[in-house]
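> Any chance you could fold what I've pasted below:
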Amino acid sequence: MFVRQGQPFAVRPVYLPPQPMRIRKAGARSQPDCRREPPRFERVVENGQDLFYRYRLNPFEMEYVSPAAWSITGRTPQEFYENPRLIRDAVHPDDRDKAAAMQTRPGNFADPVTLRWVHPDGHIVCVEHRNNPVYGATGELLAIEGIGRDVTEALAVQHRLLESESQLRRLAASVNSARETERADVARYLHDELGQTLTGLKLELTRAVRQLMLRGLEPEMIDRMQSMVGGIEVATETVRRVASDLRPPALDHLGLGAAIELEAAAIARRTGVRCRIAGAVTETALTPDQTTAVFRIVQEALTNVVRHADASAVKISMRQTARSTSLTIQDNGRGINPQALADPVSIGLLGMRERAQMIGAKLSITARPGKGTAVVVTVPAAAAAGRGGE
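Alright, predicted model coming up:
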């Protein structure tokens, strides 16, 4: 609805049939037709920011290049008409094989392909190409037509996001390493300092009870003091358990395999779930950081078995080869829910995945309803060697 001289009036739409885009032949460049106005869709192509092109393969010549070639490739359409080989020579040397393959095997490039175009001044523009092969009546490849879009800024943003994510992962790894160190220090303090103090109190109190019994102390007082000795024993065992939960001593002194066996035995005593260990891992197979991360993954997997799997048995298989070290935790429970497996905010699963990624390991979690869940963590030997000197 429009207003003219204060009065509203309507404009009736008029349909104009679309006109095909005129492909400019290489031989017709010297005789431009300036008397005819270009069709509307050709104007869209001519004024668009994307690069439109079409080239014939036999003979090899450019049939059409839109004006956007200047901003995208640093060359004018005229330069492409005069030297069609610029479509390979003007791209980055590392991308030229890919550019050549796009011409000879276009069927292998159904998805967009990114090429780096090098401008004469050295400026590089990343262009995403979408090509469409043109075949003849007998199936022979006649020409290639396509569209190129400048994705330099998009790739730069993506690179910054990936770099930011990498920095966050390195920060998380540093925080996790500091937390493990702090846990080890606290566990050592609890075991060495507080544990020894409680043991000393127990011994002194026991000696005092014996001496007081010889002096004829009332039985009620003796019972109270013996109850105090029992309380100290409980406190000592609690300190030992808390210290072991913070940092299992076996992990530092006996290795990953022994620490997993002790953890499984503790789970079996506490919950009644049968735990079976198969295989072994040598102490030198993993770095200290990898050993800690793998143990925490196994620990979290066993915790999930107890809390959610409703399982009666779990098997932990350890396997080591020249290429990798892998551990599999398989239970006979009901199987993890696919929705829970895909939940991005599941803290336990997220922690397992993050720990695996920090040490260059691969983590897979599979489940079958009523058949249990299998957690497999695999640390490549290359990852272990690469982090050994860090």
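> buried ones in the host helix or strand of residue 326?
Element membership of residue 326, judged by DSSP states H and E, is strand 324-331. Buried positions in strand 324-331, judged by neighbour count with 16 or more other C-beta atoms under 10 Å: 324, 325, 326, 327, 328, 329, 330, 331. Every residue, glycine included, has its C-beta placed from N, CA and C.
> For it, which strands pair with it and how are they oriented?
According to DSSP bridges, strand 324-331 forms sheet pairs with strand 313-320 (antiparallel), strand 372-380 (antiparallel).
> To residue 150, which of those lies closest?
Proximity to residue 150 (C-beta to C-beta) singles out strand 372-380 among those, at 37.9 Å.
> Next up, the contacts around residue 310.
333, 334 (C-beta atoms under 8 Å, 6 or more residues apart in numbering).
> quick one, phi/psi of residue 159?
phi -60, psi -40 (degrees, to the nearest 10).
> Now do stretch 213-222: distance to the chain's middle.
68 Å (C-alpha atoms, centre = their mean, to the nearest Å).
> what's it in contact with?
Outside stretch 213-222, the residues touching it (C-beta under 8 Å, 6+ apart) are 209, 212.
> change it to 10 Å
208, 209, 210, 211, 212, 224, 225, 226 (C-beta atoms under 10 Å, 6 or more residues apart in numbering).
> what about the fourth one, how many residues close to it?
Counted with other C-beta atoms under 10 Å, residues neighbouring residue 211 total 9.
> host element of it?
helix 195-214.
> If you compare the directions of the following helix or strand past that helix and helix 195-214, what angle comes out?
Scanning forward in sequence from helix 195-214, with DSSP H and E defining helices and strands, the next element found is helix 219-246. Interaxial angle, helix 219-246 versus helix 195-214 (axes from the mean of the first three to the mean of the last three C-alpha atoms, to 10 degrees): 170 degrees.
> which SSE is residue 128 in?
strand 124-135.
> close enough to count as contact, residue 181 and residue 246?
No: the criterion here is C-beta atoms under 10 Å, and residue 181 misses it with residue 246 at 11.3 Å.
> Turn the contacts of stretch 213-222 into CSV, including distance to residue 65.
Formatted as CSV, the contacts of stretch 213-222 follow (distance: C-beta to C-beta, whole Å):
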residue, distance to residue 65
208, 100
209, 101
210, 103
211, 105
212, 105
224, 99
225, 99
226, 98
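> among those residues, which ones are buried?
209, 225.
> ok, of the contacts of stretch 213-222, which one's closest to residue 273?
For the contacts of stretch 213-222, the nearest to residue 273 is residue 226 (35.9 Å; C-beta to C-beta).
> Not counting its neighbours along the chain, what's nearest residue 355?
residue 293 (4.4 Å; C-beta to C-beta, 6 or more residues apart in numbering).
> Quick check: the one you found is in a strand.
No: applying DSSP: H, G, I helix; E, B strand; the rest coil, one finds residue 293 to be helix, outside a strand.
> Kindly check the end-to-end length of stretch 133-149 for me.
In stretch 133-149, first residue to last residue: 18 Å (C-alpha to C-alpha, to the nearest Å).
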